[in-house]
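In: Give me coordinates for this.
(2 chains)
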Amino acid sequence: MHRVECDILVIGAGGAGLRAAIAACDAGARVVVVSKSLLGKAHTVMAEGGIAASLGNVDGKDDWQAHFADTIIEGAYLSDWRMAEILAKEAAERVYELERYGALFDRTQDGRIMQRAFGGHTYRRLCHVGDKTGLELLRTLEDQVLHRDIEVMDETYVTKIFARNGRIQGAIGLQMKTGRFVAFEAKAIIIATGGCGRVYKVTSNSWESTADGIGLAYNIGAELMDMEMVQFHPTGMVYPPGAKGLLVTEGVRGEGGILLNSKGERFMERYAPERKELAARDIVARAIYKEIEEGRGTAHGGVYLDISHLGEAFIKHKLPSMYSQFRQFADVDITKEAMEVAPTVHYQMGGIRTDPETAATNIDGLFAAGEAAGGLHGGNRLGGNSLADILVFGKRAGEAASKHALASKLPEVSEAEALQETRRVSSYLGKSAKGPNPNALIEELRESMENGVGIIRDRSGLSKTLKEISELKSRQAQVRVPGTLVFNHGLLSALALENMLVACEAITRSALERRESRGAHWRSDFPRKSRRWHVNMVCFKGAHSMKLRTVRVRPMPQRLKRLIKHEVYR
Amino acid sequence: MTTIRLSIRRCDPMAGIAPHFQEYDVPVEEGMVVLEAVRYAAEKIDTTIAVRWNCEAARCGSCAAEINNVPALMCKTRIDDLAGRITVAPMRAYPIVKDLVADVSANYETERRMPAFKPFSNLKEPWKMWQPDVERSKEFRRCIECFLCQDVCHVIREHETGYFGPRHVVKAASLDTHPLDSLDRSKHMNEEGGIGYCNITKCCQEVCPEKIRITDNAIIPEKEGAADGAYDPLMRFIRSAKKDIEG
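Out: Numbering: from 1, shown residues only, chains lettered A, B, ... in the order given. Just a heads-up that it's a prediction; the model follows:
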């Protein structure tokens, strides 16, 4: 079997993975990056709004303390205080560093980095490049990686991480182009595989968001946290079917767009009389959901978002991508007609539980950063905080992992163990495919998640989905796909489904357990927030099944407590 | 529901399957794009069809292919814009991995050779730049690396010249137009990148889904930069002659 030795294996080539690779390489480690997509295609490129960092270039009053307070409060007080503090303090330096790497940000009149307003941020804080910030960020990091001594093996799908006695030893992946297995022997592994939006039917997430890192980590005993906290962005496209879920930027409402139901009522006046369309994401999302549920939705199952009153010139100047997106896909001219929108799954706040300083997990040698990791965003993520997250904690993960690696010996992956895994993967392939089509099972799973673990949840719906997940698990074992190991999408679906099921079970179990409504998690049978549930949900692999425990949110020190307004329970 | 007949070019060199077209009947919905039809075939009819896609929103550039022989993004091409039979084939300027998946890895090797961003030394931090200067470079930074421009380029398709191709000229231009970059990559594009082979037919510019004016704004200025650098005394003579005439 082909073997690759390295100090650090980075799984995932989005912003977090590439930033980690750069940091690790600069610290003197031999780094290999693997990713299941082509280099440069990661979901990071879809980020529009910007990077939240308190440079104070536009609003001079902004500082890390204000950014910290916004993050904690909007996170429904579930965020790890130290992660929020680190993010708020280090984001600015990461932005300047990105600029030194070659990124070109939009500028203020006096030539500094321009910052824009966004929901939940007290000050204008998002450093941006038009509405293509993610693309610029990823391209810049890609350049840096390609000009360093970093090996990139893209289109390689990692199927297993090996661990013994609570220590990682390496991993094994399938190189899609050649159909060849590669055994990685690594002193440290960084998981930066992003989120799991594709476990839902309607999502803004791209192909790769199938919980791969979450499944890999869980299977060797790493803890997951806050998995019930799934962010629904209020406005995704509903039509045409292929564009369903595609994001309609918050900027539309920011610029003055209004939401109307099919009766022509501006319904946000009822749900949030003061902030109306600009209320927090979870509030607007639930309001839209309710209007549709109660029969006041459009024929395509959405509500109207109208900005046509602002005129063609304004719209084309301020929202060019939205204009072309609707023109191209929906035949809708948003300068004349209303858009149809509905909530779409956007982000996983939860993820692998890590140490705030080092991004280390509870498994020795395993690190996690970015959307795959949990803890920072609590119950609700602020726009712009994810790009800041991947830079700040990507770098920290890379540095801590190299420190760990340089003090460790190279572990060995035994040939027997590696062969066993190759046989397991190959066993999905059958000459005459008799088992169920994995894509059909994925479709069922997405449907079940949408129905039972959606934007508004209750005990019976959650229990039903949990039961369906367990049924799907047993059917998953019978999956067989035709073809070979070379670029076989059926096989990749079968493998991704394993991870998707782990994430779905964790999301559903945690949502069932949290008997209150907080942040993105809304229970119609427990519609109020409760002091009792000021806790983080932690999921881990038990001897026979998934286990769940609750841990108190770490109390923050007095110096930080002073910065935020206290949580109010009614 | 109406159906369309989709013809997908199948090919699996590693399994010894020669290129051939295979037809699939796919139900169509209003507003459907080619990628959805291909995905329908690959997910429901024959899971061995290999196709690359990520974002489904024309942001990542993964699903570049040739649709009815025209290089285009599958996610951006609507079925109701195409008349009759639809054929989908991989980009032909690249080796085929399998079916619609082309091996574009050579592009990353070319990028490794491109002189990296190198800011002027002794800049005072934080850096200052002006929006109009930034705007010039932003056009090139819209590139989503779909490599359709590389695919359509006849120099790459039909000749073994070592020409880097339009995508990489765009890359050079994105760095050269950075207001604080200290390098001029036109020499590199000329001596290593073979930009001289481009005879500005503008095909690349036509297929760019991001509407980057590749030939006008990237290739021609880089060519001019190369010419200026290589034949500087002559250029000086011409410039002074021009001055005299306009004088």
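In: isn't B:Lys138 right next to A:Asp131, touching?
Out: No: taking CB atoms under 8 Å as the definition, B:Lys138 is not a contact partner of A:Asp131, at 11.6 Å. All C-beta atoms are positioned from the backbone trio N, CA, C, and that covers glycine.
In: where in chain A is pLDDT low?
Out: Residue ranges of chain A with pLDDT under 70: A:431-433.
In: Would you tell me which helix is longest in it?
Out: The helix of greatest length in chain A, counted in residues with DSSP state H as the criterion, is given as helix A:489-513.
In: Give me the contact status of it with chain B.
Out: Yes: Helix A:489-513 comes into contact with chain B when judged by CB under 8 Å from any CB of the partner chain, the residues involved being A:His489, A:Gly490, A:Ser493.
In: Check these for burial and list the buried ones.
Out: For these, burial is judged from neighbour counts taken by 16 or more other CB atoms under 10 Å in any protein chain shown, and it is met by A:His489, A:Gly490, A:Ser493.
In: Now do the contacts for the residue lying closest to the second one once chain neighbours are set aside.
Out: The shortest distance from A:Gly490 to any residue other than its chain neighbours is 3.0 Å, reached at B:Thr47 (CB to CB, 6 or more residues apart in numbering or on different chains). For B:Thr47, the contacting residues are A:Ala433, A:Asn437, A:Pro438, A:Asn439, A:Val481, A:Pro482, A:Gly483, A:Asn488, A:His489, A:Gly490, A:Ser493, taking CB atoms under 8 Å, 6 or more residues apart in numbering or on different chains as the criterion.
In: Distance to A:Gly461 for the buried ones among the residues of helix A:489-513 next to chain B - can I get that in CSV?
Out: What follows is those, written out as CSV (distance: CB to CB, whole Å):
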residue, distance to A:Gly461
A:His489, 31
A:Gly490, 31
A:Ser493, 26
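In: okay, now the domains of chain A?
Out: Here the domain parsing of chain A from automatic domain parsing is A:234-346, A:426-532.
In: picking that back up, next structured bit after the longest helix of chain A?
Out: If you walk from helix A:489-513 toward the C-terminus, the next helix or strand you reach (DSSP states H and E) is strand A:535-541.
In: Whatever helix or strand comes next after that following strand vs strand A:535-541, what angle?
Out: Secondary structure here is assigned by DSSP H and E; on that basis, the next helix or strand after strand A:535-541 toward the C-terminus is strand A:546-552. Orientation check (axes from the mean of the first three to the mean of the last three CA atoms, to 10 degrees): strand A:546-552 against strand A:535-541 gives 150 degrees.
In: which residues are contacting strand A:546-552?
Out: Contacts to strand A:546-552, defined as CB under 8 Å, 6+ apart, come from residues A:502, A:505-506, A:509-510, A:513, A:534-541.
In: That strand: which residues count as buried?
Out: A:Met546, A:Leu548.
In: And the residue of the stretch 101-250 of chain A found nearest chain B, its phi and psi?
Out: For the stretch 101-250 of chain A, the residue positioned closest to chain B under CB to the nearest CB is A:Pro240, at a distance of 2.7 Å. Geometry field for A:Pro240 lists phi and psi as phi -70, psi 170, criterion degrees, to the nearest 10.
In: And for A:Arg457?
Out: Given degrees, to the nearest 10, the pair of backbone angles that A:Arg457 has is phi -120, psi 160.
In: now do the one 4 residues further on
Out: A:Gly461 adopts backbone torsions of phi -60, psi -40, taken as degrees, to the nearest 10.
In: how close does it sit to A:Phe232?
Out: From A:Gly461 over to A:Phe232 the distance is 15 Å, taken as CB to CB, to the nearest Å.
In: And A:Tyr323, by the same measure?
Out: Noted for A:Tyr323: a distance of 25 Å to A:Phe232, by CB to CB.
In: Could you pull up the mean pLDDT of stretch B:155-168?
Out: When pLDDT is averaged over stretch B:155-168, the result is 94.
In: Can I get it as CSV, trimmed to CA atoms?
Out: Below are the C-alpha coordinates for stretch B:155-168, written out as CSV (Å, rounded to 0.1, in the frame of the first residue of the first chain):
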residue,chain,number,x,y,z
VAL,B,155,-3.0,27.1,-28.5
ILE,B,156,-3.4,24.7,-25.7
ARG,B,157,-5.8,22.4,-27.6
GLU,B,158,-3.8,22.0,-30.7
HIS,B,159,-0.2,22.8,-30.0
GLU,B,160,2.5,21.6,-27.6
THR,B,161,3.9,25.0,-26.8
GLY,B,162,4.1,25.2,-23.1
TYR,B,163,1.9,28.2,-23.1
PHE,B,164,0.5,28.6,-19.5
GLY,B,165,-2.9,29.7,-20.8
PRO,B,166,-5.4,32.4,-20.2
ARG,B,167,-6.1,31.5,-16.5
HIS,B,168,-2.5,32.0,-15.6
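In: just how off-centre is it within its chain?
Out: A distance of 11 Å separates the centroid of the chain from that of stretch B:155-168, by CA atoms, centre = their mean, to the nearest Å.
In: Same check on stretch B:44-60?
Out: What separates the centre of stretch B:44-60 from the centre of its chain is 19 Å, taken as CA atoms, centre = their mean.
In: could you dump that stretch to CSV, C-alpha only?
Out: Only the C-alpha atoms of stretch B:44-60 are listed here, as CSV (Å, rounded to 0.1, in the frame of the first residue of the first chain):
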residue,chain,number,x,y,z
LYS,B,44,-30.7,7.8,-9.7
ILE,B,45,-30.0,6.0,-13.0
ASP,B,46,-26.3,5.1,-13.0
THR,B,47,-24.2,5.9,-10.0
THR,B,48,-21.0,5.1,-11.8
ILE,B,49,-21.2,8.3,-13.9
ALA,B,50,-18.3,10.5,-12.7
VAL,B,51,-19.0,14.2,-12.5
ARG,B,52,-17.4,17.0,-10.5
TRP,B,53,-19.5,19.6,-8.8
ASN,B,54,-19.5,21.6,-5.5
CYS,B,55,-21.6,24.7,-5.1
GLU,B,56,-24.4,24.5,-7.7
ALA,B,57,-24.3,28.3,-7.8
ALA,B,58,-21.6,29.3,-10.3
ARG,B,59,-19.2,30.2,-7.5
CYS,B,60,-16.7,27.4,-7.4
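In: Would you tell me what helix or strand the closest residue to B:Cys143 other than its chain neighbours is located in?
Out: Distances taken as CB to CB, 6+ apart place B:Val170 nearest to B:Cys143, at 5.3 Å, with adjacent residues excluded. Assigned by DSSP H and E, B:Val170 belongs to helix B:166-176.
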